[in-house]
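J.: Mind folding the following:
(one chain, ligands or ions: 1)
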Amino acid sequence: MQMTGDQILVQSLKDEGVDIMFGYPGGVLLGLYDALFNSGIKHVLPKHEQAAAHAADGYARSTGKVGVVLATSGPGATNLITGVATAFMDSVPLVVLTGQVSTHMIGGDAFQEADIIGITRPITKHSYLVTKTEDIARIVQEAFHIAGTGRPGPVLIDLPKDVLTGKAKYNRPKSVNIRGYKPKVEGHSGQIKRVLTEIKKAKKAVIYAGGGVILSGASAELLKFAEYNQIPVTNTLLGLGGFPADHPLFLGMLGMHGAYVANMTIHESDLILAIGARFDDRVTGNVAKFAPNARVVHIDIDPSAISKNIVVHVPVVGDVKGVLTELNRLQKKEEPVWGEIRQSWLDHVRRWSEERPFSYDKDTKQIKPQYVIERLSELAPKDAIITTEVGQNQMWTAQFYNFTKPRTLLSSGGLGTMGYGFPAAMGAQFANPDKLVVDIAGDGSIQMNIQELATIAQYNLPVKILILNNCFLGMVRQWQELFYGARYSSTCLASNPDFVRIAEAYGVKGIKVEDKKDVDAGLIEMINHDGPVLLEVMVDREEGVYPMVPAGAASSDMIFGPNKKDTKKLKVVK
Ligand SMILES: Cc1ncc(C[n+]2csc(CCOP(=O)(O)OP(=O)(O)O)c2C)c(N)n1
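T.: As a prediction, this is how the structure comes out:
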């Protein structure tokens, strides 16, 4: 039976098990939108394509499934770029569908034409320009396979108008076979044995676990491995939740705003076991000074990540879950070797954590943002999903929220995209209708996609937005305070709107808290309300994120904030 390209596309998505997608229509997609109508696939209409991409990303990160986003040719497609780049940097599986002008018009500066394949080449794992209607089913199948296997990432399919309106038979191959694409899943057994030798030799080992642990579903294996060897564990931002924050071996996040104990442990270690992590510069600081005495084992599915930023002594290319399972299996036969040496290292490490834990002034009358996050962490259920924006709000969340389960923190790590958290929370809420989903936001970043209040109101999606309002682009203000003589150039948000009234204008419940004693009540009201809520908390404008490794310093060279600041208040500059 002949079908139109539009119908083939919809059938292909159904055959991939797609039940929800996020998109925005336009001229070249009219037929496709008609085919989607009554297709059984839920189509969510955010109010900006960037938000559609982040929503698909939030759906993917919270479930491990491939997220799907659709935009029209030209401006629709280019509006996706920040979302695609965000997903690419954090290895999130997406299939990105874009409309394109008809094949004979491509390259002719047609109305709403953009070379989206060219524009997105550096930020996609792979891309397809479909030139024949009969190829659609195969390409969709391949795209899902590529997006979700190996190191996951976004795959783009550009769909010209005539390919969508053309007719062909539905022809979906029985299996996927892509020449040149065979991700290496199993680690080399010789290399795996070398890891065990390194562990036996080490006196001061540390595990540095990244988002790869969560992506491969290896949290249980990591826990077993760490416990068996009694090796302390530090997480990257994207790794948080991959190891339980309440575990005695857990050191907290490492890096620029990481825990003192985590950075000192890495710095003094003689063996780093990097698992599903990529030695990002926010983690290493000055690479020349990073962990000067350590041998480095790196377990990662992506061969190109090995020795990219740091010289690796023992690489193991493979899926983290498989490699850890094999390490655990081999170790079962052996007697643990840690003994006294391991114990004395752990004691040493513990001293660092007692010396300088994350802290803030608890006695002040002002509302400290860290306090709000601590209270949320205590009041929210353990399986709540937290998304963040970017800036101080993100770092305080990483420091003060106790993530004990994988896929409970969704945050833009690699690209650091302000405006990510709210739409990502929408995607996560659609995927997890029964869970509490909270976006922890700054007053700056929430305004980057604030129009999505309309979307959560429309679908009565119970997303909660918690704005930590410090009347500044806080993270940038902090750098200006520290390194630019407190000259606050263009970081004061004097024109902030009345967020509660904005929420209400969209039909969303708004709550404002200005007094420390009302924080708990505000949070509880937010959590218990069964629809969408925006909670604005007025926090100390001058609070900083500490410790901090200044740019270019060694990760052991942290600066610490004053325990108490004088009470002089920052003025809002009109
Ligand atoms: C799209 C985008 N633009 C600019 C930046 C640079 N940037 C990083 S943090 C930050 C300030 C964020 O302010 P706010 O959202 O109020 O959060 P706070 O730091 O106060 O918690 C800026 C401008 C960014 N990360 N992303």
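J.: Next one: Asn328 relative to Pro244, how far apart?
T.: For Asn328, the distance to Pro244 (Cβ to Cβ, to the nearest Å) stands at 17 Å. No exception for glycine: its C-beta is placed from N, CA and C like everyone else's.
J.: How about Leu223?
T.: 7 Å.
J.: ditto for Ile8
T.: Using Cβ to Cβ, Ile8 is found at 46 Å from Pro244.
J.: The two: which has the busier surroundings?
T.: With neighbours defined as other Cβ atoms under 10 Å, Ile8 and Pro244 compare such that Ile8 has more, 27 against 18.
J.: Over to that one. Which of the three states is it?
T.: Assigned by DSSP: H, G, I helix; E, B strand; the rest coil, the conformation of Ile8 is helix.
J.: What distance do you get for it to Ile139?
T.: Taken as Cβ to Cβ, the spacing of Ile8 relative to Ile139 amounts to 10 Å.
J.: Over to Asp319?
T.: Noted for Asp319: a distance of 25 Å to Ile139, by Cβ to Cβ.
J.: Likewise for Gly148?
T.: Going from Gly148 to Ile139 by Cβ to Cβ gives 15 Å.
J.: near the ligand, which residues of the stretch 301-450 of the chain?
T.: For the stretch 301-450 of the chain, the contact set with the ligand under Cβ under 6 Å from any ligand atom comprises 389-393, 416-419, 442-445.
J.: The chain too?
T.: With the criterion set to Cβ under 6 Å from any ligand atom, the chain comes near the ligand through 389-393, 416-419, 442-445, 468, 470, 472-476.
J.: Take the residues you listed and keep only those in helices.
T.: Helix and strand membership here follows DSSP state H; of the residues of the chain next to the ligand, those in helices are 392-393, 474-476.
J.: My guess is Ile450 contacts Ile502. True?
T.: Yes. Counting by Cβ atoms under 8 Å, Ile450 sits close enough to Ile502 to count as a contact (6.8 Å).
J.: Whatever residue of the stretch 1-150 of the chain ends up closest to the ligand: neighbour count?
T.: The minimum distance from the stretch 1-150 of the chain to the ligand, using Cβ to the nearest ligand atom, falls at Thr82 (7.0 Å). Other residues near Thr82 come to 21 when the count uses other Cβ under 10 Å.
J.: One more: the one 5 residues further on?
T.: Burial of Ala87 is recorded as 34 neighbouring residues (other Cβ under 10 Å).
J.: so after whichever strand or helix holds it, what's the next helix or strand?
T.: The secondary structure element spanning Ala87 is helix 81-89 (assigned by DSSP states H and E). Tracing the chain past helix 81-89, the next element assigned as helix or strand by DSSP H and E is strand 94-100.
J.: quick one: that following strand to helix 81-89, angle?
T.: Counting by axes from the mean of the first three to the mean of the last three Cα atoms, to 10 degrees, strand 94-100 points 150 degrees away from the direction of helix 81-89.
J.: Tell me which residue is most central in the chain.
T.: Centre of the chain computed as the mean C-alpha position; nearest residue by Cα atoms, centre = their mean is Ser411, 3.5 Å away.
J.: Next, the buried residues of stretch 393-405.
T.: Of the residues in stretch 393-405, 393-405 count as buried by neighbour count, 16 or more other Cβ atoms under 10 Å.
J.: would JSON lines of the residues you listed with secondary structure, distance to Ser12 and pLDDT be doable?
T.: Conversion of these to JSON lines gives the following (DSSP: H, G, I helix; E, B strand; the rest coil; distance: Cβ to Cβ, whole Å; pLDDT from 0 to 100):
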{"residue": "Asn393", "secondary structure": "helix", "distance to Ser12": "39", "pLDDT": "98"}
{"residue": "Gln394", "secondary structure": "helix", "distance to Ser12": "37", "pLDDT": "98"}
{"residue": "Met395", "secondary structure": "helix", "distance to Ser12": "41", "pLDDT": "98"}
{"residue": "Trp396", "secondary structure": "helix", "distance to Ser12": "43", "pLDDT": "98"}
{"residue": "Thr397", "secondary structure": "helix", "distance to Ser12": "38", "pLDDT": "98"}
{"residue": "Ala398", "secondary structure": "helix", "distance to Ser12": "39", "pLDDT": "98"}
{"residue": "Gln399", "secondary structure": "helix", "distance to Ser12": "44", "pLDDT": "98"}
{"residue": "Phe400", "secondary structure": "helix", "distance to Ser12": "44", "pLDDT": "98"}
{"residue": "Tyr401", "secondary structure": "coil", "distance to Ser12": "39", "pLDDT": "98"}
{"residue": "Asn402", "secondary structure": "coil", "distance to Ser12": "42", "pLDDT": "97"}
{"residue": "Phe403", "secondary structure": "coil", "distance to Ser12": "36", "pLDDT": "98"}
{"residue": "Thr404", "secondary structure": "coil", "distance to Ser12": "38", "pLDDT": "97"}
{"residue": "Lys405", "secondary structure": "coil", "distance to Ser12": "33", "pLDDT": "98"}
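J.: for the residues you listed, which one is nearest the ligand?
T.: Asn393 (3.6 Å).
J.: which residues of the stretch 401-550 of the chain fall in strands?
T.: Counting by DSSP state E, counting those that start in this stretch, the stretch 401-550 of the chain forms strands over residues 409-410, 437-442, 464-469, 509-513, 533-538, given from the N-terminal end onward.
J.: Neighbouring strands - and their directions - for the first one?
T.: Here strand 409-410 is paired, per DSSP bridges, with strand 385-388 (parallel).
J.: what comes into contact with the partner strand?
T.: Contacts of strand 385-388 from elsewhere in the structure, counted by Cβ atoms under 8 Å, 6 or more residues apart in numbering, are 58, 62, 380, 394, 397-398, 401, 403, 407-411, 420-422, 424-425, 428-429, 432, 435-441.
J.: same thing but 7 Å
T.: Counting by Cβ atoms under 7 Å, 6 or more residues apart in numbering, the neighbours of strand 385-388 from elsewhere in the structure are 58, 62, 394, 397, 401, 408-411, 421, 424-425, 428, 432, 435, 437-440.
J.: mind checking pLDDT for Lys65?
T.: Looking at Lys65, its pLDDT reads 98.
J.: Could you do Ala494 as well?
T.: Residue-level confidence at Ala494 comes out at 89, pLDDT.
J.: do you know how far it is from Asn402?
T.: Taking Cβ to Cβ as the measure, Ala494 and Asn402 are separated by 35 Å.
J.: can you check Thr4 too?
T.: When Cβ to Cβ is applied, the distance between Thr4 and Asn402 equals 52 Å.
J.: Same question for Ser489.
T.: With the distance defined as Cβ to Cβ, Ser489 ends up 36 Å from Asn402.
J.: that older thread, what about Ile450 and Ile502, which has more around it?
T.: Neighbours were tallied for Ile450 and for Ile502 using other Cβ under 10 Å; the higher tally belongs to Ile450 (21 against 18).
J.: Counting by contacts, list what the longest helix along the chain packs against.
T.: The residue-count maximum for a helix in the chain (DSSP H) belongs to helix 339-355. Other elements packing on helix 339-355 under the criterion 3 or more Cβ pairs under 7 Å, 6 or more residues apart in numbering; DSSP states H and E are helix 260-268.
J.: Right, I'll leave it there.
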